[in-house]
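> need coordinates for the following:
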Amino acid sequence: MPKVLFVTLGCAKNEVDTDRMRALLLASGYGEAEDVDDADVAIVNTCSFLASATEESVEATLELAQDAEDGVLELPIVMCGCVPSRYGDGLPSELPEVSAFVKSDEEDGIVGVIDSVLGVTSTPSPGAPKVLRTIEGASAFVKISEGCDRFCSFCAIPYIRGRYFSRPADEILSEVSALMEGGVREVVLIGQDTGIWGSDFETPQTLASLLRQVAEVVRPYGGWIRVLYLQPEGMTDELVSTIRDVPEVLPYIDIPIQHCSERVLKDMGRKGSPEEFSKLFARLRREVPGMVLRTTAMAGFPGETDEEADELLDFIQREEFDYCSVFAYSQEEGTRAAAMPNQVPEEVKVERAQRLVDLTEQLGFSATASHVGERTKVIIDGIEESDDGPELIGHAWFQAPDSDGAVHIATGEATVGDVVTCDLVDSFCYELVGEIVEEDA
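Numbers count the residues shown, from 1 in each chain. A predicted model of the protein is given here:
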């Protein structure tokens, strides 16, 4: 059977979608290519969250087409994900280099699309399950929902991914179980709005109840559970107590506030104020011992004044977040904010964003250094060659994979997926240096 080259752009949700398509294709007999020269067809899973991401997706597709042309290959390209979902009808004429376009909600039919593009008939392996995962590392993202109902004025996601819907618990638990059997030791639950998982069911359920069920699955493996993208309103008493009391659920809380000014938040279509947020964070720190807190901040939203920009900077300084992602506002076509008056000049947005980055790096480096001297479990994610020989690369419970830095271990024996005990002996920026110790040391 032909080989497929997978190219993934964007966030962790796209990584999950690509893995789902890869699994379906491999189960149908297709192979996987490592590069253009070895491929019979390429799948580009695109991002369109920001205009810059859309441009990157199109550029990556055109570069792939050029690589194929330079190599005198006839390489069909299939564009999947957010760009087709957002711009579908106009794309065939704009991108004749692409053989087929697959929207996000059509990706389960990827086998039929590739069959049609290549003019072949695939043969599914007998008894192959409908959905597989191909993850071979120690951590895996698991989507628990799709779409979004918030319709924040700056965000195009509801128009790209559709309305919010929760994945059934049995599907999630089955996927987690298969991942743990395959060697995964940390599952990261993601969605556009994880805190409201289950609220759309005929008999409503809660994220806290799902976490307790997932904990039962990962417990025999010594597994970890991390939850990302919780909105402030989703931090219920039940959820806080579950994070605090269920050992498998890491006390790592990711709450993207975007801003703290009540006026700016209202224009964003969001809720909150500095007082409400500070009260929430104080409560979390009080009730969840050792909690690590991540957030997201946006600079230069339309109408943001110098005073409001300073207010956000001061708020982040006071709260001393462990990790904070910073974005300059992007004027996204089709969103309400794009049509708002008082758009902030680009150079002002960049300057405000840089001030936030400088502050959050200072806070993040300090938070990372505060762990030096601790003894903790580290999941090994990979092995890299250095001038001094192989180096183990892993992450501790307070580091989300692919986001928050890593633990570097220069000496010791371990393989990917192992969970080792380390003394953290030094730090640099967001990175830590660890030394493996024996369990009874």
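> helices of this protein, start to end?
12-27, 51-70, 82-87, 91-94, 110-118, 157-161, 169-181, 207-218, 237-245, 262-268, 274-287, 306-319, 346-369 (DSSP state H).
> take those and lay them out in a markdown table including mean pLDDT and mean neighbour count.
Heads up, the C-betas are built off the backbone N, CA and C, glycines and all. Conversion of the helices of the chain to a markdown table gives the following (pLDDT from 0 to 100; neighbours: other C-beta atoms under 10 Å):
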| stretch | mean pLDDT | mean neighbour count |
| --- | --- | --- |
| helix 12-27 | 90 | 21 |
| helix 51-70 | 84 | 16 |
| helix 82-87 | 91 | 24 |
| helix 91-94 | 88 | 12 |
| helix 110-118 | 94 | 18 |
| helix 157-161 | 88 | 20 |
| helix 169-181 | 94 | 17 |
| helix 207-218 | 98 | 20 |
| helix 237-245 | 96 | 16 |
| helix 262-268 | 97 | 18 |
| helix 274-287 | 96 | 15 |
| helix 306-319 | 98 | 16 |
| helix 346-369 | 97 | 17 |
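> among these, which is nearest Met340?
Between Met340 and the helices of the chain, the tightest spacing by C-beta to C-beta is seen for helix 262-268, at 7.1 Å.
> grab the CA positions of the closest one and hand them over as CSV.
These are the backbone C-alpha positions of helix 262-268, laid out as CSV (Å, rounded to 0.1, in the frame of the first residue of the first chain):
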residue,chain,number,x,y,z
GLU,A,262,-13.6,44.3,33.5
ARG,A,263,-14.3,46.7,30.6
VAL,A,264,-11.9,44.9,28.2
LEU,A,265,-13.3,41.5,29.3
LYS,A,266,-16.8,42.7,28.6
ASP,A,267,-15.8,43.8,25.1
MET,A,268,-14.2,40.4,24.6
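> list of residues touching it?
For helix 262-268, the external contacting residues (C-beta atoms under 8 Å, 6 or more residues apart in numbering) are 152-154, 258-259, 271-274, 301-304, 308, 337, 340.
> redo that, cut-off 7 Å
Identification of contacts with helix 262-268 by C-beta atoms under 7 Å, 6 or more residues apart in numbering yields Cys152, Ser153, Phe154, Gln258, His259, Lys271, Gly272, Ser273, Phe301, Gly303, Glu304, Glu308.
> my guess is the fourth one meets Thr296, correct?
Meaning Gln258. Yes: the pair Gln258 / Thr296 is scored as a contact, 6.2 Å apart, by C-beta atoms under 7 Å.
> the more surrounded of these two?
Set Gln258 next to Thr296 and count neighbours by other C-beta atoms under 10 Å: Gln258 wins out with 20 against 17.
> residues in contact with that one?
Per C-beta under 7 Å, 6+ apart, neighbours of Gln258: Met268, Arg270, Thr296, Ala297, Met298.
> how near is the most centrally placed residue in the chain to Gln192?
The chain has Ala12 as the residue nearest its centroid, 3.2 Å off, counting by C-alpha atoms, centre = their mean. For Ala12, the distance to Gln192 equals 12 Å [C-beta to C-beta, to the nearest Å].
> and Gly29, how many residues sit next to it?
Neighbour tally, Gly29, other C-beta under 10 Å: 16.
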